[in-house]
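1. When you get a sec, could you give me coordinates for this:
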Amino acid sequence: MKNTVYRSDIDGLRAIAVLSVLFFHLDSSYLPGGFLGVDVFFVISGYLITRIIYSQKLDNDFYFTEFYSKRIKRILPPIFLLLSLVYVLGYFIMLPYDFYKLCISIFSVLFFSSNIQYSFRTNDYFSGDSSEWPLLHTWSLSVEEQYYLLFPLILILFLKKSKNNLFLVLCILSLLSFCIAQYLSYIKDYKSISYYFIFTRMGELLIGSLLAVSTISLGLKQFKSNLLSIVSLIIILFLFLFVDNSFIFPGFIALLLCMPVAIIINSKDTVVNKLLSHKYLVYVGTLSYSLYLFHWPILAFYRYVFNFGYDGYKIPKIDSLILLVVIFLFSLFSFYFIEKPFRYKKTTKKQTFYYYFLFPSLFFVFTSIFTLYSNGLPSRFDDEIYGISIYSHIDKNLCPALINIGCKGGAVSSNKKIIVYGNSHAEHYYQYINDISLKHNYSSSLYASGGCGLLNDSKKCLFVKEQFYNVKEQADFIIIAYRWDSVYLNPEAMLRLKSLLKDLSQLKAKVIVMAQPPSINLDPKKINNCIRLGFNCDYNLAVNPFYPKYNDKIKSVVDGFDVIFFDPFINIDLKNYVDDINNFSDKDHLSLYGSKTLYNKKKDIDIFDEIK
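-> This next block holds a predicted model:
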């Protein structure tokens, strides 16, 4: 039995898939459902790979080593070129923590698990933040590779045990996958898992596999109906145009897309097959792997440099045209100098394993470990301010842990104690309070962790609270700091605050609630980075329009207790402070530099002087 013969119309279908993804990633308004192009790829991959494996297995000519050797030569050389490009660009462009996270992503790509890594990140595939992750698109490659590991085992098992039930088993597995995806996509906490995981995406690949099994073993003939193929193409284009990220996806919509894709794959000599066989579409289809690999990191790095906001970024049209040219140039280089030559170069299986997989993988493993160990290579920045002070809201030498339990500052040996309690807003005030503690000969300690707002009852946050309550009676001063603008209109949060203040007001310690600093609309780190790179960095900085309303609300709550409300920004030239973007580490946190600036502006009359 022969393996799959070349079909130009399938390359044309690949072209439609990759172009839809490309234009969606360039600007989702161009093609709202363009992300469905990935699902078209899944069906094609499932079909082609199953025809290869199933045909060879029926002829007793399938060998795992041969199969995976060909997969390695086909897939890995362009991926290693991609990782090289991304690492080098990241070295010059990215800030330390982002470069650190990039190396985690490189690790996940090497082990074909980037879909798992991205599924557990805070933001989902459609969020503004994720559009700047240079290796996000590799999630789909990981799904395919996991399928290439799993499916041959399933196929071989059922060919040995129950060949006649293979089609039924694959049908059940596919429907089960679509049902699980549909169910999980409804649940907010599981949407990312549903989008990225193999067990929710496997159904799409299995549609292609079912088609291959049907044509080889069940006698399914290719369709020659123009009407059927045209209707299928119209359905695909309709979904590309009218499905968007507000739909429940993946799930049954993915099934609705996969069926017409399978029909077109199984069509022959129709007007659609002729259209898809057009030489320009076929040429783009042959480039589709390289186009897919390189389009996303180029767009992601562009957005990383020029997007200063938090709600996504529209690339200007002239820049879009330039980026398209750059993307095609990289793709052409990858195809002609890497993908094609390495794929067809004659090598032994042992050579393929060592030179195509092991040695390049080890190089990137050690490079990534070195970068991770150095916390993103902050030494790349000549100025310590660029490397540390303006990009961090807390001194990690003083408080190195993610959960800051009792880290010491101020006059450490003093018997007079200040305890700071809260979330990341307590952390970003700690440098300011540490300077005040030194001035007045107090020791200071911090009990806080990012994300531990008033309503967060996670294990981590309850642990912080428990540790604070264990030591609160030892304090002379207790300073409370949270982000107020996100909770001041929430009745439940205000009840939590009142309960906290009631507990603490019974202590001998003086309790002080800190006002929230003004928040800004842009990311100061990104602005500074753009300036550092020498680009034209236009931006319009603005303060949160609800400032200081949220502070006024909190003050009205605090005034009902024997507690002090303190706003260190009173009597400060706010415009002058905000215009110096180095004072902020992000839109709502002060930087270490900003905390020191605040202390220097208020050191003559600080919180203790005002209390006295």
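
2. Only C-alpha atoms from now on, for both contacts and neighbour counts.
-> Fine.

3. Quickly find the element holding the closest residue to residue 365 other than its chain neighbours.
-> Distances taken as C-alpha to C-alpha, 6 or more residues apart in numbering place residue 107 nearest to residue 365, at 6.6 Å, with adjacent residues excluded. In this structure, residue 107 sits in helix 96-110 according to DSSP states H and E.

4. Which elements pack onto that helix?
-> Taking 3 or more C-alpha pairs under 8 Å, 6 or more residues apart in numbering; DSSP states H and E as contact, the helices and strands that helix 96-110 lies on are helix 64-93, helix 114-119, helix 359-373.

5. Mind doing that once more with 10 Å?
-> In this structure, helix 96-110 packs against helix 64-93, helix 114-119, helix 138-161, helix 359-373, with contacts taken as 3 or more C-alpha pairs under 10 Å, 6 or more residues apart in numbering; DSSP states H and E.

6. how near is the residue lying closest to residue 99 once chain neighbours are set aside to residue 543?
-> Leaving aside its chain neighbours, residue 99 sits nearest to residue 376 (5.1 Å; criterion: C-alpha to C-alpha, 6+ apart). Separation of residue 376 from residue 543 (C-alpha to C-alpha, to the nearest Å) stands at 31 Å.

7. Compare those two (neighbour count), which wins?
-> Each of residue 376 and residue 543 has its neighbours counted (other C-alpha atoms under 10 Å); residue 376 has more, 23 against 18.

8. Now the helix holding residue 107 - C-alpha only, PDB.
-> Extracted in PDB, the C-alpha atoms of helix 96-110 (Å, rounded to 0.1, in the frame of the first residue of the first chain):
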ATOM      1  CA  PRO A  96      15.100  41.000  32.700                       C
ATOM      2  CA  TYR A  97      12.000  39.400  34.100                       C
ATOM      3  CA  ASP A  98      10.400  39.100  30.600                       C
ATOM      4  CA  PHE A  99      13.700  37.600  29.300                       C
ATOM      5  CA  TYR A 100      13.600  35.200  32.300                       C
ATOM      6  CA  LYS A 101      10.000  34.100  31.300                       C
ATOM      7  CA  LEU A 102      11.100  33.800  27.700                       C
ATOM      8  CA  CYS A 103      13.700  31.200  28.700                       C
ATOM      9  CA  ILE A 104      11.000  29.200  30.500                       C
ATOM     10  CA  SER A 105       9.100  29.200  27.300                       C
ATOM     11  CA  ILE A 106      12.200  28.000  25.400                       C
ATOM     12  CA  PHE A 107      12.400  25.100  27.800                       C
ATOM     13  CA  SER A 108       8.800  24.200  27.200                       C
ATOM     14  CA  VAL A 109       9.300  24.300  23.400                       C
ATOM     15  CA  LEU A 110      12.300  21.900  23.700                       C
END
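
9. picking that back up, pretty sure the residue nearest to residue 365 contacts residue 138?
-> No - if you go by C-alpha atoms under 10 Å, residue 107 and residue 138 don't touch, sitting 11.7 Å apart.

10. what is in contact with the two at once?
-> By C-alpha atoms under 10 Å, 6 or more residues apart in numbering, residue 107 and residue 138 have these common neighbours: 113-114.

11. Spatially central residue in this protein, please.
-> residue 130 (4.2 Å; C-alpha atoms, centre = their mean).

12. hang on, residue 409 in a helix?
-> No - counting by DSSP: H, G, I helix; E, B strand; the rest coil, residue 409 is not found in a helix; it is strand.

13. how much space is there between it and residue 530?
-> Distance from residue 409 to residue 530, by C-alpha to C-alpha: 34 Å.

14. Distance from stretch 518-531 to the middle of the chain?
-> Its chain's average C-alpha position is 20 Å from that of stretch 518-531, according to C-alpha atoms, centre = their mean, to the nearest Å.

15. Buried by neighbour count: which residues of that stretch qualify?
-> For stretch 518-531, a neighbour-count test (16 or more other C-alpha atoms under 10 Å) marks 518-530 as buried.

16. Stretch 394-401 too?
-> Within stretch 394-401, the residues that count as buried by 16+ other C-alpha under 10 Å are 394-395, 399.

17. Can you pull the phi/psi pair for residue 566?
-> Per-residue torsions, residue 566: phi -130, psi 130 (degrees, to the nearest 10).

18. Would you agree it is in contact with residue 555?
-> Yes - counting by C-alpha under 10 Å, residue 555 is a contact partner of residue 566 at 8.7 Å.

19. Name all residues that make contact with residue 12.
-> Residue 12 touches 18, 272-286, 288, counting by C-alpha under 10 Å, 6+ apart.

20. try residue 57
-> Residue 57 neighbours (C-alpha under 10 Å, 6+ apart): 1, 51, 63, 152, 155-156, 159.

21. Before we move on, what's the pLDDT of the nearest residue to residue 143 once chain neighbours are set aside?
-> Spatial nearest neighbour of residue 143, chain neighbours left out: residue 198 (5.4 Å); criterion: C-alpha to C-alpha, 6+ apart. Residue 198 is assigned 96 on the pLDDT scale.

22. looking at it, residue 198 is touching residue 147, isn't it?
-> Yes - here residue 198 reaches residue 147: they are 7.4 Å apart, a contact under C-alpha under 10 Å.

23. shared neighbours of those two, which are they?
-> residue 205.

24. residues of the helix holding residue 107 that come out buried?
-> Buried residues in helix 96-110 (16+ other C-alpha under 10 Å): 96, 98-110.

25. Kindly reformat the residues you listed as a markdown table containing pLDDT and distance to residue 235.
-> Formatted as a markdown table, the buried residues of helix 96-110 follow (pLDDT from 0 to 100; distance: C-alpha to C-alpha, whole Å):
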| residue | pLDDT | distance to residue 235 |
| --- | --- | --- |
| 96 | 85 | 45 |
| 98 | 90 | 40 |
| 99 | 93 | 41 |
| 100 | 91 | 43 |
| 101 | 92 | 39 |
| 102 | 96 | 38 |
| 103 | 95 | 40 |
| 104 | 95 | 39 |
| 105 | 96 | 35 |
| 106 | 97 | 37 |
| 107 | 94 | 38 |
| 108 | 95 | 35 |
| 109 | 96 | 33 |
| 110 | 95 | 36 |
